[in-house]
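Trainee: 3D, please:
(one chain, ligands or ions: 1)
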Amino acid sequence: MTKQIILNAFEMNSAMHNSHGFWKHPENKRHRGYKDLNYWVELAKLLEKGKFDAVFFADVLGIYDVYKKSKAPSIRDGLQVPLNDPALLVSAMASVTNNLSFAITVSTTYEQPFGNARRFTTLDHLTNGRIAWNVVTSYLPNAARNFGLDEMIKHDERYDIAHEYLDVSYKLWEQSWEDGAVVEDVENKTLVDPEKVHEINHEGKYFSVEGPHLSEPSLQRTPVIYQAGTSEKGREFAARHAECIFVGGPTPERIRYYADDIRKRAAKHGRNPDNLKFFSFLSVIVAETTEEAERKFEEYNKLWSADAAKAQYGASGYDIAEYEGLDPELPFEYTKKTEGGHYKAAALTKDAPEKLTVGDVLNRFESLDRNSIIVGSPEEVADAIEFQFKESGVDGFNLNHLVTPGDLESFIDLVVPELQKRGLYKTEYKDGTLREKLFPEGSSLLPEDHPGSKFRRVVVES
Ligand SMILES: Cc1cc2nc3c(=O)[nH]c(=O)nc-3n(C[C@H](O)[C@H](O)[C@H](O)COP(=O)(O)O)c2cc1C
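Mentor: This is a model prediction of the structure:
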């Protein structure tokens, strides 16, 4: 059978996400709607109608303030602000869907593992196992100051913390409660057997947690683990812990390179590389005809906010304003090691298909980047998606949308049927939890080769 595309809607519980300046578009409903439960309920129904696998909620814990050393450009254009908590949307969206899953971003740098584990178990219970956790280490200096630090913890140490955070989480999810702990034994007046609920007594470098976990085990116990980040440390983290990996890169070849590298690293950790799924970014402008799609592109381009795009690039740790006014012919180079996210920094330097000048880079921010958006008729868009899918070897995409929900509706009405006709996209959902849908050969629980499963309690039958 043809390998089929796994599709997530790339979202944020925010006025704006990756659609810089498009709040000005008359049909954009998100900057008003995101505060309204009904907006999210309708979005969930729409995505399930389009057979989306999941809605993937990005999240950050501060304002982008590297560009021009100011928060104003981000705030002015609503760049991921105002921003509400994504986890609180899930129950309502799950209540009107049966198959759509939810990936929620939570940072290991600022939140404690004990509370986070309970949040995910709760969501896994309430959704019947439709939950994933996108593990991030955070890159915004403002976030550090929001959580009581003078400056960000260094890039590589953030990943060291994340490893221990995951170990604590596995202990809570996999080890603390035995199967069958809830006995409902009326005769012995016992709801839960205390012998089957265990403290975890974790004492580590960064965390100390006694336990037990407060929640009883959910269908998946550990949520499906997502990760993104292509630095050395980021890839090593993905290879150990992630089941789904979001790989960014300017070309399909670069994406394939990173995915292959992570697969090799996973094998070194004793994991079957087939137990990892890879995703890349997808952005589409589609209409009934090529001409109409091109017109839409031009219309959007007029609304584009270069300032918001430059502010978002601050996630790399580099202030692009420092290059403005320099000779455009100069080679584009960085001068310091960044403590921000390496992926964005690499995209314009070591990962770029050709060496870029200052002028090239600054120009890229000035308009909608045609190279990263597929524009065309349903057949043209499906051709381009098929090409990316096959060339990069990914398993799926996180679909960005510029004007919401209109661009998602167009995608579902025009592109989904074309992909289905080609056998590249499901016509029916598979049964089961998110993990079972993603890995039909496996079960709801982490596979045996995953490090989290090593924490499972071995029950000796007497
Ligand atoms: C597609 C994609 C989505 C991401 N979403 C988030 C997010 O929602 N919140 C966040 O703090 N970081 C997010 N990140 C950042 C990564 O988790 C990571 O911190 C960043 O890429 C730096 O990691 P690196 O230095 O290993 O590349 C995302 C990265 C990528 C590529």
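Trainee: export the helix or strand containing residue 38 to CSV, keeping only CA atoms.
Mentor: Element membership of residue 38 [criterion: DSSP states H and E] is helix 37-49. Presented in CSV, the C-alpha positions along helix 37-49 are these (Å, rounded to 0.1, in the frame of the first residue of the first chain):
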residue,chain,number,x,y,z
LEU,A,37,-14.6,28.5,22.7
ASN,A,38,-16.9,28.1,19.8
TYR,A,39,-14.1,29.1,17.4
TRP,A,40,-12.0,26.1,18.6
VAL,A,41,-15.0,23.7,18.7
GLU,A,42,-15.8,24.6,15.0
LEU,A,43,-12.1,24.3,14.1
ALA,A,44,-12.0,20.8,15.6
LYS,A,45,-15.0,19.7,13.6
LEU,A,46,-13.5,21.2,10.5
LEU,A,47,-10.2,19.3,11.0
GLU,A,48,-11.9,16.0,11.7
LYS,A,49,-14.0,16.5,8.5
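Trainee: packing partners of that helix?
Mentor: On a contact count with 3 or more C-beta pairs under 8 Å, 6 or more residues apart in numbering; DSSP states H and E, helix 37-49 meets strand 6-12, strand 54-58, helix 90-95, helix 406-410. Where you see a C-beta, it was placed from the backbone N, CA and C, and this is true even at glycine.
Trainee: what's in contact with that helix?
Mentor: 9, 11, 29-30, 33-34, 55, 89, 92-94, 96-100, 405, 408-409, 412 (C-beta atoms under 8 Å, 6 or more residues apart in numbering).
Trainee: re earlier: need the helices and strands packed on helix 37-49 in TSV with distance to the ligand, can you?
Mentor: Below are the helices and strands packed on helix 37-49 laid out as TSV (distance: least, C-beta to the nearest ligand atom, whole Å):
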stretch	distance to the ligand
strand 6-12	7
strand 54-58	3
helix 90-95	15
helix 406-410	18
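Trainee: so what's residue 82 closest to, chain neighbours aside?
Mentor: Distances taken as C-beta to C-beta, 6 or more residues apart in numbering put residue 15 closest to residue 82, at 5.4 Å, once the chain neighbours are dropped.
Trainee: try residue 90
Mentor: residue 102 (4.9 Å).
Trainee: you'd agree that neighbour is in a helix?
Mentor: No - counting by DSSP: H, G, I helix; E, B strand; the rest coil, residue 102 is not found in a helix; it is strand.
Trainee: so which residues on this structure come close to the ligand?
Mentor: Within the chain, the positions adjacent to the ligand are 58-60, 105, 107, 136-139, 228-231, 234, 246, 248, 281, 341-343 by C-beta under 6 Å from any ligand atom.
Trainee: among these, which ones are in helices?
Mentor: Members of the residues of the chain next to the ligand lying in helices (criterion: DSSP state H): 234, 342-343.
Trainee: so which of the residues you listed wins on neighbours?
Mentor: Using other C-beta atoms under 10 Å as the neighbour criterion, residue 234 leads those with 26 neighbours.
Trainee: I'd assumed residue 342 was in contact with it.
Mentor: Yes - assessed by C-beta atoms under 8 Å, residue 234 is found in contact with residue 342 at 6.9 Å.
Trainee: roughly how far is the helix holding residue 38 from the heart of the chain?
Mentor: Between the centre of helix 37-49 and the centre of its chain there are 19 Å (C-alpha atoms, centre = their mean, to the nearest Å).
Trainee: stretch 89-104 too?
Mentor: Computed by C-alpha atoms, centre = their mean, the chain-centroid distance of stretch 89-104 equals 16 Å.
Trainee: those helices in the stretch 251-400 of the chain, which residues are they?
Mentor: 252-268, 290-303, 306-313, 342-347, 358-366, 378-392 (DSSP state H, counting those that start in this stretch).
Trainee: got the contact list for the fourth one?
Mentor: It stands for helix 342-347. Contacts for helix 342-347 (C-beta under 8 Å, 6+ apart): 155, 228-231, 234, 248-250, 313, 315-318, 334, 338.
Trainee: please flag which of the residues you listed sit within strands.
Mentor: Assignment to strands by DSSP state E places the following of the contacts of helix 342-347 there: residue 228.
Trainee: from the contacts of helix 342-347, list the buried ones, please.
Mentor: Neighbour counting by 16 or more other C-beta atoms under 10 Å classes 155, 228-231, 234, 248-250, 313, 315-318, 338 among the contacts of helix 342-347 as buried.
Trainee: what two of these are the furthest from one another?
Mentor: By the measure C-beta to C-beta, 155 and 250 form the most distant pair in these, at 21.1 Å.
Trainee: looking from the ligand, tell me which residue of the chain is nearest.
Mentor: residue 234 (2.4 Å; C-beta to the nearest ligand atom).
Trainee: wait, what's in contact with that residue?
Mentor: Residue 234 neighbours (C-beta under 8 Å, 6+ apart): 159, 227-228, 342-343.
Trainee: quick one: the strands in the stretch 151-300 of the chain?
Mentor: 182-185, 190-192, 202-203, 208-209, 224-228, 244-246, 277-286 (DSSP state E, counting those that start in this stretch).
Trainee: just the stretch 1-150 of the chain next, same as before
Mentor: Under DSSP E, counting those that start in this stretch, the stretch 1-150 of the chain gives strands at 6-12, 54-58, 101-107, 131-136.
Trainee: dump those to JSON lines, plus mean pLDDT and distance to residue 185.
Mentor: JSON lines is the format used below for the strands of the stretch 1-150 of the chain (pLDDT from 0 to 100; distance: least, C-beta to C-beta, whole Å):
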{"stretch": "strand 6-12", "mean pLDDT": "98", "distance to residue 185": "43"}
{"stretch": "strand 54-58", "mean pLDDT": "98", "distance to residue 185": "38"}
{"stretch": "strand 101-107", "mean pLDDT": "98", "distance to residue 185": "35"}
{"stretch": "strand 131-136", "mean pLDDT": "98", "distance to residue 185": "30"}
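Trainee: next, format these as JSON lines and append mean neighbour count and distance to residue 212.
Mentor: Output for the strands of the stretch 1-150 of the chain, formatted as JSON lines (neighbours: other C-beta atoms under 10 Å; distance: least, C-beta to C-beta, whole Å):
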{"stretch": "strand 6-12", "mean neighbour count": "24", "distance to residue 212": "33"}
{"stretch": "strand 54-58", "mean neighbour count": "25", "distance to residue 212": "29"}
{"stretch": "strand 101-107", "mean neighbour count": "25", "distance to residue 212": "21"}
{"stretch": "strand 131-136", "mean neighbour count": "26", "distance to residue 212": "20"}
